[in-house]
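Engineer: Give me a 3D structure for the following:
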Amino acid sequence: MIMKKLFFTIALLIATLSFAQHGDKIKAYKAAFITEALDLTAAEAQQFWPIYNEHEDKLMDLRKKERKEIFETINGNVDNLSETEANALLDKVMNIRAKELQYHMELVQKLKGVLPAKKILKLHRAEEEFKKVLLQKVKGKRGRP
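Structural biologist: Numbers count the residues shown, from 1 in each chain. Sure, this is the predicted structure:
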């Protein structure tokens with residue numbers, strides 16, 4: 001138990017230091033959260049994080065593209081679009097969703113060589129739990145004067 005806590009503390013420190021350079025505390029917190037949820041060993045973490053970070057970067061780029069190509073075009077009002085414009089945007093949305101699914105499938109394939117299947121299954125749940133925790137923290141800060 002002490003070794004597990006020590007490993008978690010070291011993993012948190014490493015994650016914090018590597019992400020602190022970029023000034024992103026949320027990424028560091030997410031890294032610690034996922035490391036603990038998946039109960040990654042040091043060897044697993046060393047192989048997991050480069051794969052996972054590459055995946056996250058690809059998703060971030062995809063989301064930026066989505067914001068630029070879709071949401072900026074809509075500009076908050078779908079009613080102003082013609083049916084032709086709406087169909088073109090809908091096709092773009094579906095293409096982006098398909099690409100997102102492709103990225104997730106690639107992640108799973110890469111992780112199969114690094115982690116046991118059970119830990120890969122736990123990853124999705126850990127990501128969802130992290131989102132919930134983060135939203136609760138944001139809601140909590142909004143409620144304060």
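
Engineer: Next one: the most centrally placed residue in the chain relative to Ile34, how far apart?
Structural biologist: Nearest residue to the geometric centre of the chain (CA atoms, centre = their mean): Glu56, 5.3 Å. Taking CB to CB, to the nearest Å as the measure, Glu56 falls 11 Å from Ile34. Where C-beta positions appear, they are placed from N, C-alpha and C, glycine not excepted.

Engineer: quick check: domain ranges of the protein?
Structural biologist: Following automatic domain parsing, the chain resolves into domains at 1-39, 46-124.

Engineer: hang on, the earlier thing: give me the buried positions along the helix or strand encompassing the residue nearest to the centre of the chain.
Structural biologist: Using DSSP states H and E, the element containing Glu56 is helix 42-66. Of the residues in helix 42-66, those buried by neighbour count under the rule 16 or more other CB atoms under 10 Å are 44-45, 47-49, 51-52, 55, 58, 62, 66.

Engineer: quick one: the residue nearest to the centre of the chain and Lys112, what's the gap?
Structural biologist: 18 Å.

Engineer: Ok, which of the domains of the chain comes nearest Leu134?
Structural biologist: Proximity to Leu134 (CB to CB) singles out domain 1-39 among these, at 7.0 Å.

Engineer: which helices and strands does the longest helix belonging to the chain pack with?
Structural biologist: If you go by DSSP state H, the chain has its longest helix at helix 83-112. Applying 3 or more CB pairs under 8 Å, 6 or more residues apart in numbering; DSSP states H and E, one finds that helix 83-112 contacts helix 42-66, helix 72-74, helix 117-143.

Engineer: what do you get if the cut-off is 7 Å, keeping everything else the same?
Structural biologist: helix 42-66, helix 117-143 (3 or more CB pairs under 7 Å, 6 or more residues apart in numbering; DSSP states H and E).
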